[in-house]
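Colleague: here is my input, please return the structure:
(one chain, ligands or ions: 2)
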Amino acid sequence: MTFLNELLGGFGPSGHEGRVAETIRAAIEGCVDSVHTDAMGNLIAVRRGGGTGRRIMVSAHMDHIGLAVTDADEHGFLRVCAVGGVHAGRLISGHVVFENGVCGVVGVEEKVKGEAKAVDLYVDIGASSREEALAMVRIGDMCVMRPRVTKLGEHRLASPAMDDRIACYVLAQALLSLPDAHENEIVAVFSVQEEVGLRGAEAAAFAAQPDMGIAVDVTGVGDVPEPAVKLPVKLGGGAAIKIMDSSVICTPSVVAMMERLAREHDIPVQREVLPFGGTDAGAIQRTRGGVPTGAISIPCRYIHSEAETVDLRDVEACVGLLRACLLA
Ligand code: CO
Ligand code: ZN
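Modeller: Ligands and ions are numbered 1, 2, ... in the order given. Just a heads-up that it's a prediction; the model follows:
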């Protein structure tokens, strides 16, 4: 199995990212000077610099949105609540899986009019009573959309956990591509609990005390029929350089540096303003006395659904831009 497939298939709802961390550790161990896991579960890899450079923290989150079991009813249906930014409507009729391998399908209370919320959903795991259901999974157990990867055309991949495993892939590829010696010290953080409020990156940034921060995450696009918001970012348009989202207004000097490096290295980029959402950049920028921070985004369709779709040419552009930033 390729590294990317293994990343996309790894079970890892917020707070339970350990398996994904093991996959990443195995892939990058040979190319970093140290790697450890902190008390929250962040996987932190360090590449020493030449001594005259800056300390740069780069973050990509390992966690994936999911559903947590709140109870089971008398007929064996699991009742659930959201873990992260779940759009309940996009989960209905989907397939889910728990860490212990129990599988389920998602139904919704038909009486719900309009927008269903996660609490209106239920998960059918094939149980016929509350006792049977709670013998299969426990209250508090989490499930995620069952992993699969679908190739669309020549360049595109769809998978439920693109957000944000594709960014973990970008960060790992950038690390693997670094020359033996470079000036900047690089603290690569594969963070936990981004989807529930940038929690892992907050702790990691405080500990790392970086001179500059970069988050890598997916971003929304406007290149589908009747998009919710008109955005110029599109699949195949290159790496997106974030200007702002709901969590961060990127530091102008970092944005300018990214745009300059993209020109110098002939990397296709597009400017991104996302009127909603958040990334680890928001947590890094606000740590201690403040940190100049930017973000590189992989354009992605259908975010927070089973169909999260990216273009591999954009992924390559993101690897190139991130590598250039780490060496700048
Ligand atoms: Co997300
Ligand atoms: Zn994300």
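Colleague: sec struct for the closest residue to Ser129 other than its chain neighbours, please.
Modeller: Nearest non-adjacent residue to Ser129, counting by C-beta to C-beta, 6 or more residues apart in numbering: Gly76, 5.2 Å away. For the C-beta atoms, the positions are set from N, CA and C on the backbone; glycine is no exception. Look at Gly76: counting by DSSP: H, G, I helix; E, B strand; the rest coil, its state is coil.
Colleague: ok, Gly85 next?
Modeller: coil.
Colleague: you'd agree the residue nearest to Ser129 is up against Val123?
Modeller: No: using C-beta atoms under 8 Å, Gly76 is not in contact with Val123; the gap is 10.1 Å.
Colleague: let me see the contact set for the residue sitting nearest the centre point of the chain.
Modeller: Note on the chain: the residue nearest the mean C-alpha position is Asp164, at 1.9 Å, using C-alpha atoms, centre = their mean. Contact partners of Asp164, counting by C-beta atoms under 8 Å, 6 or more residues apart in numbering, are Ala60, His61, Met62, Asp63, His64, Glu194, Val216, Asp217, Val218.
Colleague: that older thread, higher neighbour count, Gly76 and Val123?
Modeller: The residue with more neighbours, out of Gly76 and Val123, is Val123; 25 against 19, by other C-beta atoms under 10 Å.
Colleague: for the helix or strand where that one lies, packing partners?
Modeller: Secondary structure assignment for Val123, by DSSP states H and E: strand 121-124. Judged by 3 or more C-beta pairs under 8 Å, 6 or more residues apart in numbering; DSSP states H and E, strand 121-124 is in contact with strand 66-72, strand 78-83, strand 103-108.
Colleague: what's next to it, contact-wise?
Modeller: Outside strand 121-124, the residues touching it (C-beta under 8 Å, 6+ apart) are 67, 69, 73, 76-80, 88, 91-92, 96, 104-109, 143.
Colleague: pull out the buried residues from the residues you listed.
Modeller: 67, 69, 76-80, 88, 91, 96, 104, 106, 108, 143 (16 or more other C-beta atoms under 10 Å).
Colleague: among the residues you listed, which two are most distant?
Modeller: Farthest-apart pair in the buried ones among the contacts of strand 121-124 is Gly76 and Ala88; separation 20.6 Å (C-beta to C-beta).
Colleague: so how far is stretch 130-145 from its chain's centroid?
Modeller: Offset of stretch 130-145 from its chain centre (C-alpha atoms, centre = their mean, to the nearest Å): 25 Å.
Colleague: pull out the buried residues from it.
Modeller: Using 16+ other C-beta under 10 Å as the test for burial, stretch 130-145 gives Arg130, Ala133, Leu134, Met136, Val137, Asp141, Met142, Cys143, Val144, Met145.
Colleague: mind listing which of these are in strands?
Modeller: Per DSSP state E, strands hold the following members of those: Met142, Cys143, Val144, Met145.
Colleague: mind putting those in JSON lines, pLDDT included?
Modeller: As requested, those are exported to JSON lines (pLDDT from 0 to 100):
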{"residue": "Met142", "pLDDT": "98"}
{"residue": "Cys143", "pLDDT": "98"}
{"residue": "Val144", "pLDDT": "98"}
{"residue": "Met145", "pLDDT": "98"}
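Colleague: JSON lines please, covering the residues you listed and showing distance to ligand 2.
Modeller: Formatted as JSON lines, those follow (distance: C-beta to the ion, whole Å):
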{"residue": "Met142", "distance to ligand 2": "17"}
{"residue": "Cys143", "distance to ligand 2": "19"}
{"residue": "Val144", "distance to ligand 2": "14"}
{"residue": "Met145", "distance to ligand 2": "14"}
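Colleague: Met212: which of the residues you listed is nearest?
Modeller: When these are compared for distance to Met212 (C-beta to C-beta), Val144 comes out closest, at 32.4 Å.
Colleague: across the sheet, point out what pairs with that closest one.
Modeller: Val97 (DSSP bridges).
Colleague: with that, I have no additional questions.
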